[in-house]
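Enquirer: just to be clear, the model below is a prediction. Sequence and coordinates:
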Amino acid sequence: MEIRVSGAQISVTRDIESNIKAIDRAIDYAISQKAEILLTPEGSLSGYTHEFDIQTTEEALASVTHKAKEAGLGLALGTCFVEQADQKCYNQIRFYKTDGEYLGFHSKTLTCGSLTDPPKGEINHYTVSPLKIFDYDNVQVGGLICNDLWANPECTPIDDPHLTQQLSDMGAKIIFHAVNGGRSENEWSDVAWQYHSSNLRMRAKAGKTWIVTVDNCHPAEIRCSSPSGVINPQGEWACQVESKGEQFFNYTIRL
């Protein structure tokens, strides 16, 4: 069994119209490569914020998912979103099959916060739903968002639940990982890059799972916070793109 995956290292801002254009370019690329599913970064549609415009985001979601459905492309779409069912805000990866069927969402579970009592940060703004896996055309897949995977000790006020291992134990063969990490040009961005890269490889190997990962590339002149590409169950990079600016990749995962 095999599945063709595409990933989009694109610019994520608070300008939803700009975000739509970047996602549209990614969809066009994925279509050209005959991909079955496209992964976008954390908050790639709404922007990485809980203060997004709800109606504009809903309209943008309808536009992006319609384009993908018409092309027969599945999505692992990163966005913040307010669910109508409970009117709560989630930081999500939304999963759609090639025929447009909506499978559900993974919500960021290991939300970031300060190491204070009480903690401050996104931990106070997003709701968390139970961890789950999705049946994507007979392939069991899961989603993780940024800190879900590596549990950065500088911004994780709760214990590391080892979510990659949990998804592996639940039967996930592929984990789609949407990232939007802070970055600068100082030494600690280098430390973070090494930490993120090592965690991706080690946790893929420990869980014996494929990991598909993409980061936000804004601003384009600074290296991303984490590599974008595909890691195999042996913890090796099967595919990796350049670390700056808009980059796309396509890879056939053989299970």
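Expert: Here it is on my side, so go on. Residues are numbered from 1 along each chain as shown.
Enquirer: straight-line length of stretch 228-240, end to end?
Expert: In stretch 228-240, first residue to last residue: 6 Å (CA to CA, to the nearest Å).
Enquirer: who touches that stretch?
Expert: Residues from elsewhere that reach stretch 228-240 (CB atoms under 8 Å, 6 or more residues apart in numbering): 5, 7, 9, 179, 200-202, 204-205, 207-215, 227, 241, 243, 247, 249, 251, 253. Any C-beta I mention is one placed from the backbone N, CA and C, and that applies to glycine too.
Enquirer: list the buried residues in it.
Expert: By 16 or more other CB atoms under 10 Å, the buried positions in stretch 228-240 come out as 228-233, 235, 238-240.
Enquirer: what about the contacts of stretch 228-240, which are in strands?
Expert: Taking DSSP state E as the definition of strands, the contacts of stretch 228-240 contribute 5, 7, 9, 210-214, 247, 249, 251, 253.
Enquirer: now distance to residue 67 too, for the residues you listed, in JSON lines please.
Expert: JSON lines is the format used below for those (distance: CB to CB, whole Å):
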{"residue": "5", "distance to residue 67": "18"}
{"residue": "7", "distance to residue 67": "18"}
{"residue": "9", "distance to residue 67": "20"}
{"residue": "210", "distance to residue 67": "26"}
{"residue": "211", "distance to residue 67": "26"}
{"residue": "212", "distance to residue 67": "21"}
{"residue": "213", "distance to residue 67": "23"}
{"residue": "214", "distance to residue 67": "19"}
{"residue": "247", "distance to residue 67": "21"}
{"residue": "249", "distance to residue 67": "20"}
{"residue": "251", "distance to residue 67": "22"}
{"residue": "253", "distance to residue 67": "24"}
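Enquirer: now render the buried residues of stretch 228-240 as TSV, adding distance to residue 172.
Expert: Formatted as TSV, those follow (distance: CB to CB, whole Å):
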residue	distance to residue 172
228	20
229	18
230	15
231	14
232	14
233	11
235	16
238	17
239	19
240	21
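Enquirer: and those, which is closest to residue 98?
Expert: Nearest to residue 98 among those, counting by CB to CB, is residue 230 at 19.3 Å.
Enquirer: just checking, residue 54 touches residue 83?
Expert: No: assessed by CB atoms under 8 Å, residue 54 is found out of contact with residue 83, at 10.6 Å.
Enquirer: quick one: secondary structure of residue 130?
Expert: At residue 130 the chain is in coil, as set by DSSP: H, G, I helix; E, B strand; the rest coil.
Enquirer: and if you look at the one 5 residues further on?
Expert: Reducing the assignment at residue 135 to three states with three-state DSSP gives strand.
Enquirer: hey, what's it bridged with?
Expert: Note on residue 135: beta-bridge partners by DSSP bridges are residue 140.
Enquirer: so which pair among the buried residues of stretch 228-240 is furthest apart in space?
Expert: 228 and 233 (18.6 Å).
Enquirer: separation between the residue lying closest to residue 95 once chain neighbours are set aside and residue 176?
Expert: Leaving out its chain neighbours, the residue that sits closest to residue 95 by CB to CB, 6 or more residues apart in numbering is residue 103, at 4.2 Å. Noted for residue 103: a distance of 12 Å to residue 176, by CB to CB, to the nearest Å.
Enquirer: mutual contacts of these two, please.
Expert: residue 95.
Enquirer: neighbour count winner among the two?
Expert: Counted by other CB atoms under 10 Å, residue 103 and residue 176 do not tie: residue 176 has more neighbours, with 30 against 17.
Enquirer: what sits against that one?
Expert: Per CB under 8 Å, 6+ apart, neighbours of residue 176: 37, 39, 76, 93, 95, 141-144, 212-213.
Enquirer: would you map the helices across this structure?
Expert: Assigned by DSSP state H, the helices in the chain fall at 16-32, 54-71, 147-150, 163-170, 187-207.
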